[in-house]
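*Asks:* Sharing a model that was predicted from the sequence below.
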Amino acid sequence: MSAVAQMSPTPPAGTLAPPMSASPLDAETLVSQTGAIVDQELKPLTARVDREGLYPEAVLRSLGYAGVYRAHLANARTDGEVDFPAAIRAMATVSQECLSTGFAVWCQDTCAWYLEIGNPKARELWLESLASGTVLGGTGMSNTMKAFAGIEDLRLSGERVEGGYVVNGSLPWVSNLGEGHVFGSLFTLSGDTRQTVMALVDCRSPGFSLRQSAHFVALEGTRTYACIFDNVFIPDEHIIDDNGAGFLERARAGLVMLQFGMGAGNIQGCINVCRSAEPMLGHINQFLDDRPDELQEELDDIVDAVLTLAETPCEASPDFFREVLELRLAAGELALRASQSAMLHTGAKGYLSSAPAQRKLRESYFVAIVTPATKHLRKELARMHEMDV
């Protein structure tokens, strides 16, 4: 993007118009409508999303039209309220059927969350477009979170110029992207690596390019690209926060909490696979560990705890964030157990290319690997423990 010709958030041709009203739905209605979209629009595509890498763009826009992306955004609702639990539950409904689509929902929700708590200028320019699904977006914060945890270096650097910043560098994998999409990311300032800036990046910006650098055995339908910055101009209007480190501290709990929608959906899907095998195999499955009722009890306990925390997503205390991380770790570990159980309960049929069990097994590893990954979470929790001693 140049300083002379700044792009406005006009939607790509052929996309749905935003809803006529930003009036929020109650949580039960939102989850019910999400389920209807999943049944009618997503289920017929799930196999293609998984096996062909189909990007479910029409489904994502339908979810936006239904209000899924605005539940947790006070500035995109007429009542000014925030309903993080509803956003998590809606995402879980999608993820139970297809984690690729659920992950794209998380990307969208998180990108909008950045704008919700950031600079009013950027929020006014982009939030409604993201909340309605008229513009789709990603997060671009995996590198940032790893960098602040001491796992890797920041990959983007910017230089202050008139009217904004010029940014260079690359990010290896950012999802839910394409022409006309946007994403949030953080860059360090050249000459002062202690100063960081959080910004919204428009994929149509001159000097910015997307490169498909890998193909995946799962979540191939998430439009995941390497992002290349070659003197990309980011105007001041797209700056979410001039203090990137401070912004991350405010955003991190909400960012991680929203991920529970993916984990809870995947785990519930695995439990359902186990139960579907019971009529024919229950007589022998009874000898397996991690039976569906046991898994369900563990999942329900995690979900109850998460939804309680989600009532206060802006809580910034260390103890609160520690509890979020502990629950996030528990969800990733339970997803691995649940998906293994689904394979064992299903038996040889789970190896069929069309079998939900093998797909959910591959998806469950993503729950444990997506930033913050299991090892990242354990590292951060160990650091917190050392600070307490």
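*Replies:* Thanks, I have the structure now.
*Asks:* ok, which stretches of the protein are helices?
*Replies:* Remark: helices assigned in the chain by DSSP state H are 27-37, 46-52, 57-66, 84-97, 99-116, 120-131, 142-148, 244-258, 260-276, 278-285, 292-309, 318-346, 356-369, 374-388.
*Asks:* Mean neighbour count, these: which tops it?
*Replies:* helix 99-116 (a mean of 28; mean count of other Cβ atoms under 10 Å). (Glycine included, C-beta is placed from N, CA and C.)
*Asks:* Low-confidence regions, the stretch 201-350 of the chain specifically.
*Replies:* Applying pLDDT under 70 to the stretch 201-350 of the chain flags no residue at all.
*Asks:* rewinding a little: with distance to Ser205 added, can I get the helices of the chain in TSV?
*Replies:* Below are the helices of the chain laid out as TSV (distance: least, Cβ to Cβ, whole Å):
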stretch	distance to Ser205
helix 27-37	32
helix 46-52	28
helix 57-66	21
helix 84-97	28
helix 99-116	16
helix 120-131	14
helix 142-148	18
helix 244-258	19
helix 260-276	29
helix 278-285	53
helix 292-309	36
helix 318-346	33
helix 356-369	29
helix 374-388	30
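*Asks:* So which of those is nearest Arg160?
*Replies:* Of all the helices of the chain, helix 244-258 sits nearest to Arg160, with 13.7 Å by Cβ to Cβ.
*Asks:* List of residues touching the closest one?
*Replies:* Helix 244-258 is contacted by residues 72, 84, 87-88, 91, 106, 109-110, 113-114, 117-118, 139, 141, 144-145, 148, 186-188, 195-198, 240-241, 306, 309-310, 313-316, 320-321, 324-325, 328, 372 when judged by Cβ atoms under 8 Å, 6 or more residues apart in numbering.
*Asks:* quick check, distance from that helix to the centre of its chain.
*Replies:* Relative to its parent chain, helix 244-258 has a centroid offset of 13 Å by Cα atoms, centre = their mean, to the nearest Å.
*Asks:* do the same with stretch 367-383
*Replies:* With Cα atoms, centre = their mean, you get 16 Å for stretch 367-383.
*Asks:* export that stretch as CSV, just CAs?
*Replies:* Output of stretch 367-383 as CSV, limited to C-alpha atoms (Å, rounded to 0.1, in the frame of the first residue of the first chain):
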residue,chain,number,x,y,z
VAL,A,367,-4.9,-28.5,18.4
ALA,A,368,-1.8,-29.5,20.3
ILE,A,369,0.7,-27.8,17.8
VAL,A,370,-1.0,-24.5,16.9
THR,A,371,0.7,-21.6,18.7
PRO,A,372,0.8,-21.7,21.7
ALA,A,373,1.8,-25.3,21.2
THR,A,374,2.1,-27.9,24.0
LYS,A,375,5.8,-27.3,24.4
HIS,A,376,5.3,-23.5,24.3
LEU,A,377,2.6,-23.8,27.0
ARG,A,378,4.7,-25.9,29.2
LYS,A,379,7.7,-23.6,28.8
GLU,A,380,5.6,-20.6,29.7
LEU,A,381,4.0,-22.3,32.7
ALA,A,382,7.4,-23.4,33.9
ARG,A,383,8.6,-19.8,33.7
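*Asks:* and Asn231, what is it in contact with?
*Replies:* Taking Cβ under 8 Å, 6+ apart, one finds 166-168, 207 in contact with Asn231.
*Asks:* among those residues, who's most crowded?
*Replies:* If you count neighbours using other Cβ atoms under 10 Å, the busiest of the contacts of Asn231 is Val167, which has 25 neighbours.
*Asks:* Tell me the spacing between that one and Ile239.
*Replies:* Per Cβ to Cβ, to the nearest Å, Val167 is found 11 Å from Ile239.
*Asks:* Find residues that contact each of these two.
*Replies:* What both Val167 and Ile239 touch, as defined by Cβ under 8 Å, 6+ apart, is the set Ala199.
*Asks:* gap between the residue of the chain most remote from its centre and Val303?
*Replies:* Using Cα atoms, centre = their mean, the residue of the chain lying farthest from its centre is His283. It sits 39.1 Å away. Separation of His283 from Val303 (Cβ to Cβ) stands at 30 Å.
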